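[1] Here's my sequence, what's the structure:
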Amino acid sequence: MPQYPFAADRAAKPDYLRGKLLLAMPNMGDPRFERSVICLCEHSPEGAMGIIVNQPADHIAFPDLMEQLNIPTPETCAPVGIFTGGPVEPNRGFVLHSTDYLHETSLIISELVALSATVDILKALAAGEGPRHSLLALGYAGWGPGQLEAEIQDNAWLHTEIDTDLLFATEAALKWPLGMAKLGIDLSMLSPVAGHA
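    Residues are numbered from 1 along each chain as shown. You can find the predicted model right below:
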């Protein structure tokens, strides 16, 4: 059984939006996704799965989480950002990271980004031996068959290529406006109404 939702369907159509960043439009009606930036990890006819990368989880810090999991963390451990990855399975952890670290169960999203969901990567991060760039997410965003496509058609999302600087090196509050700017979009000019020919 695949460790990640919909991973078994990748061979069916590998050129869906997997490996893209989704940017919520200003008219996003769901407050859980307002101004969100999502790294789309899987997308197939069976649905889609992604990690929100710009909503910090303010209720817990990395050392505290490692303590809860009984993973030793040295005092010199580099800070690892924890994010609210989405409303599905909020107690499950996922690490979005650079591909310089890969475990046999890692899901390769693009040439530069992978996703791991094992205790091994948490131990590596705590020991300072993990990937060069990473963020830890609790939960994920999920869509059923055709749901994401319908939301895009309804003008809820824009998408662009993954930008590792935006993912890993940009302050959370700046990821959405910078993502929009990357698309060449002037936020003041965006219409909340979808245009259909």
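[2] Return the residues in contact with residue 74.
    126-128 (C-beta atoms under 8 Å, 6 or more residues apart in numbering). Glycine gets a C-beta too; all of them are placed from N, C-alpha and C.
[3] gap between it and residue 120?
    Distance, residue 74 to residue 120, using C-beta to C-beta, to the nearest Å: 17 Å.
[4] Out of the helices and strands in this structure, which is least certain?
    When the helices and strands of the chain are scored by mean pLDDT, DSSP states H and E, helix 62-68 comes last with a mean of 85.
[5] ok so, going back, possible to save the contacts of residue 74 as a markdown table with neighbour count, distance to residue 105 and pLDDT?
    Putting these into a markdown table (neighbours: other C-beta atoms under 10 Å; distance: C-beta to C-beta, whole Å; pLDDT from 0 to 100) gives the following:
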| residue | neighbour count | distance to residue 105 | pLDDT |
| --- | --- | --- | --- |
| 126 | 21 | 18 | 89 |
| 127 | 13 | 19 | 88 |
| 128 | 11 | 21 | 85 |
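[6] Adding secondary structure and distance to residue 43 as columns, could you present the residues you listed in a markdown table?
    Shown next, in a markdown table, are the contacts of residue 74 (DSSP: H, G, I helix; E, B strand; the rest coil; distance: C-beta to C-beta, whole Å):
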| residue | secondary structure | distance to residue 43 |
| --- | --- | --- |
| 126 | helix | 31 |
| 127 | coil | 33 |
| 128 | coil | 33 |
